[in-house]
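> Provided below for reference: sequence and predicted model.
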Amino acid sequence: MATRQRVRVHDEPAFVLHRHDWSESSLILELFTRHHGRVVLVGKGVKRPTSQFRAVLLPLVPLRVDWSGEAEVRTLKAAQYAGGHVMPAGDALLAGYYLNELMLRLMARDDPHPALFDPYAAAVQALARGADVAVTLRAFELLLLCQLGWLPHLAQEGLRLLPLAAAQSYRLLPEAGLQPSGPDDAGSLPGTHWQAVQAALDAPDPWSALWAQAPTLSTAAMRVGLAGLLHYHSGVRSFRTRELMRALRRIGPRPAPPLNDPSP
């Protein structure tokens, strides 16, 4: 009978996507790694006050990790902070959690996507330094869908495969790609805008090239178009982190009470 070979991985770049309790002292960790994709590790004893891993096993923090094992859930052996940036804060922190939710919903376990690791790291770093949240999220959504093979070609119509007309408006549909539309339709952008985004995706450094398209990426139309694809391929109607971000925006900052108001 064939047996699985025990594997030991050393010094692998990684980020924690999600963590939950396994016991009073241990955690189950969902990691996104450069060469192995999304993997699941058990961190035994990492919650103890004396554990050297306790302070570093946090989402959105660049890590170097070691693990071993032949089962679906491997065992964490070492973890250290890789440096580069601090955790995002405020709205940027919620946006980072949204990136992680996308990865958990859309990526299969043990399916390597090494070309996606640097864009993910760049997105987290951009959020940490206070870059435009909308542009950061749209750029990563585009690259994620492209790497997973779910983004239609953005320089041609989806059904007829005709080149886009510069002055014509198009909207992005999950099952049909780009389709002609009216300029006021939700998710509608001129053909030249879609073509520019496709050229950025085809560039040697697509992350930087997409940032050059920031005015287009920050539009509500781009958000609507990509949201349709993400919901369609993830199988969920809404992402929890996006709903939380919207709820916090609706609440808004609490106004300061008048100086003579005794209430807290």
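Thanks, I have it.

> alpha carbons only for contacts and neighbour counts from here, please
Will do.

> got the residue ranges for the strands in the stretch 101-250 of the chain?
169-173, 177-181, 188-190 (DSSP state E, counting those that start in this stretch).

> Neighbouring strands of the last one in the sheet, and parallel or not?
If you go by DSSP bridges, strand 188-190 pairs up with strand 169-173 (antiparallel).

> List of residues touching the strand it pairs with?
Identification of contacts with strand 169-173 by Cα atoms under 8 Å, 6 or more residues apart in numbering yields 178-183, 185-191, 225-226, 228-229.

> Stretch 118-126 now?
Against stretch 118-126 from outside (Cα under 8 Å, 6+ apart): Leu60, Pro62, Gly84, His85, Pro88, Gly96, Asp132, Thr136, Leu137, Phe140, Leu143, Trp207.

> Compute the first-to-last residue distance for stretch 52-72.
With Cα to Cα, to the nearest Å as the measure, stretch 52-72 spans 25 Å from end to end.

> Locate Arg38 within the secondary structure: which element?
Counting by DSSP states H and E, the element that carries Arg38 is strand 37-43.

> what's the average pLDDT for that strand?
Across strand 37-43, pLDDT averages out at 96.

> Skipping its backbone neighbours, what lies nearest the residue most central in space within the chain in space?
The centroid of the chain falls nearest to Leu99 when counting by Cα atoms, centre = their mean (2.7 Å). Taking Cα to Cα, 6 or more residues apart in numbering, and ignoring the residues beside it in sequence, Leu99 has Leu137 as its nearest neighbour in space, at 7.5 Å.

> Is it correct that the one you found is in contact with Ala95?
Yes: if you go by Cα atoms under 8 Å, Leu137 and Ala95 touch, sitting 7.5 Å apart.

> In this structure, spot the strand with the most residues.
Looking across the chain with DSSP state E, the single longest strand is strand 7-21.

> Pull the number of nearby residues for Met87.
Using other Cα atoms under 10 Å, Met87 is surrounded by 17 other residues.

> for it, helix, strand, or coil?
coil (DSSP: H, G, I helix; E, B strand; the rest coil).

> ok, it - contacts?
Contacts of Met87 by Cα under 8 Å, 6+ apart are Leu60, Val61, Leu93, Ala128.

> now do Met222
Met222 neighbours (Cα under 8 Å, 6+ apart): Arg138, Gly187, Ser188, Leu189, Thr216.

> So which of the residues you listed is the closest to Trp150?
Arg138 (14.9 Å; Cα to Cα).

> Setting the sequence-adjacent residues aside, check what's closest to the closest one.
Per Cα to Cα, 6+ apart, closest to Arg138 is Leu217, 5.9 Å.

> Also Arg19?
Nearest to Arg19 is Leu29, by Cα to Cα, 6+ apart, at 4.6 Å.

> Regarding the one you found, what is its secondary structure?
Leu29, by the three-state scheme (three-state DSSP), is strand.

> got a pLDDT number for it?
96.

> Which strand residues bridge it?
Assessed by DSSP bridges, Leu29 has beta-bridge partners Arg19, Leu41.

> Run a quick neighbour tally on it.
26.

> Which one of the strands of the stretch 101-250 of the chain lies nearest to Glu157?
strand 177-181 (5.0 Å).

> what is the mean pLDDT for the closest one?
96.

> what's the answer for stretch 105-113, then?
94.

> One more: stretch 200-215?
97.

> Check what pLDDT the residue nearest to the centre of the chain gets.
96.

> Test my guess that it contacts Thr136.
No: look at Leu99 against Thr136 with Cα under 8 Å: they stay out of range, at 9.9 Å.

> and whichever helix or strand comes after the strand holding Arg38, what does it pack onto?
Downstream of strand 37-43, the next assigned helix or strand under DSSP H and E is strand 63-69. Other elements packing on strand 63-69 under the criterion 3 or more Cα pairs under 8 Å, 6 or more residues apart in numbering; DSSP states H and E are strand 7-21, strand 73-81.
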